[in-house]
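K.L.:
Build me a model:
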Amino acid sequence: MKKTIFAALLVTTAFGSAAFAESETSCGNAPKEKWMTEDAMKAKAVSMGFEVRQIKMEKGCYEVYGIKDGKKVEALFNPETGVQVGSEGDD
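P.N.:
Below you'll find the predicted structure:
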């Protein structure tokens, strides 16, 4: 019985840690001096079709708030490369 409980805890911890690590590294971990400027990030987002309303830093990502394809969006970008790593939009 104790072995079954221990095994279940071990599996749960392993998968939970992997998910946490993935979400933490999705925007990279480059030092701030290597990040794009907000102006450069805004220009990149505009070139990708975003009508940028606001840019913020959140958990190591640039968050771009704006309009794309007629919908409100919140897009997450890697601050060093400018690659989009996620988004949330109004459906």
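
K.L.:
switch to C-alpha atoms for all contacts and neighbour counts from now on
P.N.:
OK.

K.L.:
buried set for stretch 49-67?
P.N.:
Residues 50, 51, 52, 55, 60, 61, 62, 63, 64, 65, 66, 67 are the ones in stretch 49-67 that count as buried (16 or more other C-alpha atoms under 10 Å).

K.L.:
and which of the residues you listed is nearest residue 76?
P.N.:
Relative to residue 76, the closest of the buried residues of stretch 49-67 is residue 63; by C-alpha to C-alpha it sits at 4.8 Å.

K.L.:
In three-state terms, label the closest one for me.
P.N.:
strand (DSSP: H, G, I helix; E, B strand; the rest coil).

K.L.:
List the residues that contact it.
P.N.:
55, 56, 57, 74, 75, 76, 77 (C-alpha atoms under 8 Å, 6 or more residues apart in numbering).

K.L.:
how many other residues sit next to residue 26?
P.N.:
16 (other C-alpha atoms under 10 Å).

K.L.:
measure it to residue 67 for me?
P.N.:
23 Å (C-alpha to C-alpha, to the nearest Å).

K.L.:
In terms of secondary structure, what does whichever strand or helix holds residue 42 contact?
P.N.:
Counting by DSSP states H and E, the element that carries residue 42 is helix 38-47. Using 3 or more C-alpha pairs under 8 Å, 6 or more residues apart in numbering; DSSP states H and E, the elements in contact with helix 38-47 are strand 51-58, strand 61-68.
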